[in-house]
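Visitor: model this:
(chains A and B)
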Amino acid sequence: MSTPTQEPRTALATLRELPQNVWNSIFRNPLPSTDLERASTSFTNFFLHIHPVKVNRNTLRPAYTMGLGLIATFLFVILVFTGVLLMFYYVPSTTQAYDRMLDLRGTVAFGIFLRNMHRWSAHGMVAIVFLHMCRVFFTGGYKKPREFNWVLGVLLLLVTLFLSFTGYLLPWDQLAFWAITVGTSIAGYAPLIGKQMQFVLLGDTTVGQEALLRFYVLHVAVLPSVLVLLMAIHFWRIRKDGGLSRPEKAASPAPDAGVVKLKKIYGLQGFVRGPFTKLGNVPDDSVYSWPNLLMAELFVFVLTISLILVVSLAFNAPLEQPVNVMHPPNPAKAPWYFLGLQELVSYSAFWGGIGIPGLMVAVLFLVPYIDRTTHGVGKWFAKERLLANTIFLTMVILNIIFIVIGTFFRGPNWTFVSPF
Amino acid sequence: MKVAPRSHDKQLLTEDAQMPRRRLLTWLSSFGLFASVILAAVSDWLFFKPRVTYGPNARFAIGKPDDFPPGTRIARDVERVCIVREGNKIAAISTTCTHLGCIVGIADTGFACPCHGSHYDQDGNVTGGPAPKPLPWFQVTLAPNGDIVIDKNSSVDPGTYLTV
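Guide: Down below sits the predicted model:
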């Protein structure tokens, strides 16, 4: 191309080609029109290369994954966007926080709408992350080689809960103050370091300015960073473990596989360890990520954001009276996902708040290391997994029962009341 | 059938001789790394544990003994103590529920917590509900100017009164 005798370029030609050159330098490839071009584009594009070039057909079955992991991710994205916008008007001060909540209602354009979106997405994320965990359990997705990704998932659930808990204090209303008083007192029951931990968490002996500042920093900086890091590893390991779990059958090449045509040159990709990397073009039950997976993701995203928008338009996030440190509301209730815990706590502070939840989390972490069987993967409620599924389902139902009791059947002084 | 040349043997020997030294260095540096992790954890803890708190003072004056005539049982919700005066004896009982930190209210039988239904008698002993411990009694002293001073950092045995 470049020869020593090349004619000097005219400035006009350089100028004329400028837009095209800038465009090409950013996007590298023209808009792809074939499978191969699309694969190559997603391989070289920063935002697309999180996807594999091809995914198994089973991964795209809505009835298998229900898109729960995706929904949780998209809810987190919505939470980051709305959360950053809310930060522009929020002040973590005991004298100002509540007024800022009222300002969101009264003076900030779209303020109440953003707060609604943030609150409802947070509720949604807790629920969806929990359901995602149930999906993975009931389809046996935590089995070898995906054990550690399950552990990361449990960590992500805990961080999600802690994010929600720290966000709960920020409006500085009655509900927030007393829920945090109760919540941090539960931490105080931990053996040996309980009282110290409570003191460090609150930065003081009672819930006050220090606690608000600490919870704010945890909520907007520390915990989201931890969550993003864990999420990145979670996703990365999905790829390295050969995609989502699926039945044995779906993993093997199709029986009518034609002639295997080996490529001459293998990219680095060809040598990556894993059960699903193929040398050459081995026909199997997989389809191109673009457009199949991308369209599915777009669909889930549109569904998620539409639902959040509709809910945020229809319902306002609750805001109670401003904090009155002298008069706890009666009953003082935690957010719904902690009400099961609070119900347990009303029987025994140590066992309800530390003992039983700690044991349950420990068991959750150990699930893939206790259940070492390899059958029944990739199928909802597989017959071979009857025992494991029954135990897990019992725990889930017990949890829900306690939450329902705490939410609807507890009145003043935490006495039993009938909602009917 | 010579197996290996002499020089090779020699080299192996020198490698063998180097191994313990390398292992020692590996151990020492691993130990150094481990120690610095511990040090970092301890200093993080020290950083996050405040030396000064900005909340209400744990030691405070509540007024002259004459402000509390015999038979008084007043719950001071701001300071979270209940001032009890029987005859010429004064005591201060905590009104922070020992269960989960709500403020207990004064009831006919003693104290009752609105959050999880714990009940205490007049002296703060648990009579019902999930509370694990009785309400603590705080040290009450008289300041030189005659003020009653309560120190919430030091608790005394239940039934300990200050005679005024």
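
Visitor: Relative to A:S42, how far out is A:S289?
Guide: Look at A:S289 and A:S42: by C-beta to C-beta, to the nearest Å, they are 6 Å apart. Quick note: C-beta positions are derived from backbone N, CA and C, even for glycine.

Visitor: same question, A:H51
Guide: 6 Å.

Visitor: what's the answer for B:S29, then?
Guide: Separation of B:S29 from A:S42 (C-beta to C-beta) stands at 43 Å.

Visitor: Which one of the two is surrounded by more residues?
Guide: Between B:S29 and A:S42, counting by other C-beta atoms under 10 Å in any protein chain shown, A:S42 is the more crowded of the two (22 against 10).

Visitor: secondary structure element for the more buried one?
Guide: Using DSSP states H and E, A:S42 sits in helix A:35-44.

Visitor: show me where the stretch 51-200 of chain A has helices.
Guide: With DSSP state H, counting those that start in this stretch as the criterion, the stretch 51-200 of chain A has helices at A:62-65, A:68-87, A:97-106, A:111-138, A:147-169, A:174-187, A:194-202.

Visitor: Close to chain A: what parts of chain B are there?
Guide: Taking C-beta under 8 Å from any C-beta of the partner chain as the contact definition, chain B meets chain A at B:45, B:48-50, B:53-56, B:58, B:77-78, B:99-103, B:112-117, B:130, B:132.

Visitor: got any ranges where the chain has weak pLDDT?
Guide: Just so you know, I chose chain A. A:1-7, A:249-284 (pLDDT under 70).

Visitor: other chain: chain B
Guide: In chain B (pLDDT under 70), the answer is B:1-18.

Visitor: Can you give me the distance of the most centrally placed residue in chain A to A:V136?
Guide: With distances taken as C-alpha atoms, centre = their mean, A:A72 lies nearest the centre of chain A, 4.1 Å away. According to C-beta to C-beta, A:A72 stands 12 Å off from A:V136.

Visitor: Just checking: what are the partner strands of the strand ranked longest in chain B?
Guide: Assignment by DSSP state E gives strand B:148-156 as the longest strand of chain B. Sheet pairing here is set by DSSP bridges, and for strand B:148-156 it gives strand B:59-63 (antiparallel), strand B:137-142 (antiparallel).

Visitor: So what touches the longest one?
Guide: Right, the one you point to is strand B:137-142. With contacts defined as C-beta atoms under 8 Å, 6 or more residues apart in numbering or on different chains, strand B:137-142 is touched by B:65, B:81, B:90-94, B:124, B:148-152, B:154-162, B:164.

Visitor: Could you identify the buried members of those?
Guide: B:65, B:81, B:90-94, B:124, B:148-152, B:155-156, B:161-162, B:164 (16 or more other C-beta atoms under 10 Å in any protein chain shown).

Visitor: Now do the contacts for the residue of the stretch 151-300 of chain A found nearest chain B.
Guide: Per C-beta to the nearest C-beta, A:S185 is where the stretch 151-300 of chain A lies closest to chain B, at 3.9 Å. Taking C-beta under 8 Å, 6+ apart as the contact definition, A:S185 lies against A:Q198, A:A349, B:H99, B:L100, B:G101.

Visitor: Generate a markdown table for those, with distance to A:Y337 as supplementary columns.
Guide: Output for the contacts of A:S185, formatted as a markdown table (distance: C-beta to C-beta, whole Å):
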| residue | distance to A:Y337 |
| --- | --- |
| A:Q198 | 21 |
| A:A349 | 19 |
| B:H99 | 21 |
| B:L100 | 18 |
| B:G101 | 21 |
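
Visitor: Just the ones in strands from the residues you listed, please.
Guide: Going by DSSP E, the strands hold none of the contacts of A:S185.

Visitor: Which pair of these spans the longest distance?
Guide: A:Q198 and B:H99 (13.8 Å; C-beta to C-beta).

Visitor: which one of the two has more residues nearby?
Guide: B:H99 (27 against 19).

Visitor: From A:R237, how far out is the spatially closest residue to A:S286 that is not a sequence neighbour?
Guide: Spatial nearest neighbour of A:S286, excluding adjacent residues (C-beta to C-beta, 6 or more residues apart in numbering or on different chains): A:K54 at 4.3 Å. As judged by C-beta to C-beta, A:K54 and A:R237 stand 18 Å apart.

Visitor: Those two: which has the busier surroundings?
Guide: A:K54 (19 against 14).

Visitor: Contact partners for that one?
Guide: Counting by C-beta under 8 Å, 6+ apart, A:K54 has contacts A:A39, A:S286, A:V287, A:Y288, A:S289.

Visitor: Am I right that B:P50 sits in a strand?
Guide: No: under DSSP: H, G, I helix; E, B strand; the rest coil, B:P50 sits outside any strand and is assigned coil.

Visitor: Report how many residues lie close to it.
Guide: 14.

Visitor: Same question for the one 3 residues further on.
Guide: Residues within reach of B:T53, counting by other C-beta under 10 Å, total 17.

Visitor: Same question for A:P171.
Guide: When neighbours are counted by other C-beta under 10 Å, A:P171 comes out with 25.

Visitor: Same question for the one 4 residues further on.
Guide: Summarising burial for A:L175: neighbours were counted as other C-beta under 10 Å, giving 20.

Visitor: isn't it right up against A:E320?
Guide: Yes: A:L175 is within contact range of A:E320, at 4.5 Å (criterion: C-beta atoms under 8 Å).

Visitor: Need the residues touching each of the two.
Guide: Common contact partners of A:L175 and A:E320 (C-beta under 8 Å, 6+ apart): A:P329.

Visitor: ranges for the helices of chain B?
Guide: B:6-48 (DSSP state H).

Visitor: likewise the stretch 201-350 of chain A?
Guide: Under the criterion DSSP H, counting those that start in this stretch, the stretch 201-350 of chain A carries helices at the ranges A:209-217, A:223-240, A:248-251, A:289-314, A:336-345, A:349-350.

Visitor: And the fourth one, what does it pack against?
Guide: Read it as helix A:289-314. If you count contacts as 3 or more C-beta pairs under 8 Å, 6 or more residues apart in numbering or on different chains; DSSP states H and E, helix A:289-314 packs onto helix A:35-44, strand A:54-56, helix A:68-87, helix A:111-138.

Visitor: Counting by contacts, list what the first one packs against.
Guide: Identification of packing neighbours for helix A:35-44 by 3+ C-beta pairs under 8 Å, 6+ apart yields strand A:286-288, helix A:289-314.

Visitor: roughly how far is the shortest one from the heart of the chain?
Guide: From the chain centre to the centre of strand A:286-288 is a distance of 26 Å (C-alpha atoms, centre = their mean, to the nearest Å).

Visitor: residues making contact with the longest strand of chain B?
Guide: Here strand B:148-156 has contacts from B:58-65, B:68, B:79-81, B:83, B:90, B:92, B:94, B:136-143, B:162, B:164, using C-beta under 8 Å, 6+ apart.

Visitor: can you do 7 Å?
Guide: B:58-63, B:65, B:81, B:90, B:92, B:136-143 (C-beta atoms under 7 Å, 6 or more residues apart in numbering or on different chains).

Visitor: With stretch A:356-370 instead?
Guide: A:Y142, A:K143, A:E147, A:W150, A:V151, A:V154, A:L341, A:L344.

Visitor: what about the closest residue to A:F177 other than its chain neighbours, distance to chain B?
Guide: Spatial nearest neighbour of A:F177, excluding adjacent residues (C-beta to C-beta, 6+ apart): A:V323 at 4.4 Å. A:V323 is 13 Å from chain B, where distance means C-beta to the nearest C-beta, to the nearest Å.
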